[in-house]
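Visitor: Pasted the sequence and its predicted model underneath.
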Amino acid sequence: MKKWGKKLLIVLGILFLIILLGNFGLNIWLKNSLPGYIKKNTDYKVSYKKLDVDLLTGNIFSTGISINNKNPLNTDVIGLQGTIDTLKISRFGIYDAVFNKQISSSDLLLARPHLNVILAKPVSQKTGEKKESCRF
């Protein structure tokens, strides 16, 4: 094999190893920081038994999920209370979630969900203003 061919293989191997280690490191960091992020930035208490995140493929798998409102008397947010046995999200759009603040996924599976959902107050009751009808 020529000298440049060996160098190319070594560079590609090192690049592959860096990507693999980066993915592994980000997955561990996400597993450790996600509970704190959910606790600080949402109106819900969420706990789970197992969480597997693969950033390379965008797959998320979690089991034993329990969700409750932090303040059940707050009617300005959607009320959620209950459990989900298994949550599977396929091809989660990590880039869109981080940079565009949009969540996209090709497949969402909830196995044995037992959820009570309480809808938030309509906007007109929150502000006291009358809802405008759609204008065409």
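Guide: Yes, it's here.
Visitor: Which helix or strand contains L20?
Guide: Assigned by DSSP states H and E, L20 falls within helix 3-41.
Visitor: What's the mean pLDDT across the next helix or strand after that helix?
Guide: Per DSSP H and E, the first helix or strand lying C-terminal to helix 3-41 is strand 44-47. Here strand 44-47 scores 88 as its mean pLDDT.
Visitor: before we move on, the earlier item: for the helix holding L20, buried residues please.
Guide: Neighbour counts over helix 3-41 (16 or more other CB atoms under 10 Å) mark 27, 34 as buried. All C-beta atoms are positioned from the backbone trio N, CA, C, and that covers glycine.
Visitor: try stretch 48-60
Guide: For stretch 48-60, using 16+ other CB under 10 Å, the buried residues are 48, 51, 53, 58-60.
Visitor: Farthest-apart pair in those, please.
Guide: Pairwise distances across the buried residues of stretch 48-60 peak at 18.6 Å for Y48 and G58 (criterion: CB to CB).
Visitor: got the contact list for stretch 100-114?
Guide: By CB atoms under 8 Å, 6 or more residues apart in numbering, the residues outside stretch 100-114 that reach it are 58, 82-93, 96-97.
Visitor: Please tell me which one of these counts the most neighbours.
Guide: In terms of neighbours by other CB atoms under 10 Å, those top out with F92 at 21 neighbours.
Visitor: so what's that residue closest to, chain neighbours aside?
Guide: In space, and not counting its chain neighbours, F92 is closest to G58: 4.3 Å by CB to CB, 6 or more residues apart in numbering.
Visitor: any idea which of the contacts of stretch 100-114 is the one closest to Y44?
Guide: Nearest member of those to Y44, counting by CB to CB, is G82, at 11.1 Å.
Visitor: can you tell me the helix or strand for the closest one?
Guide: strand 79-90.
Visitor: Go ahead and confirm L51 touches I65.
Guide: No. Counting by CB atoms under 8 Å, L51 stays clear of I65, with 9.1 Å between them.
Visitor: quick one: H114 from L20, how far?
Guide: Using CB to CB, to the nearest Å, we find H114 at a distance of 38 Å from L20.
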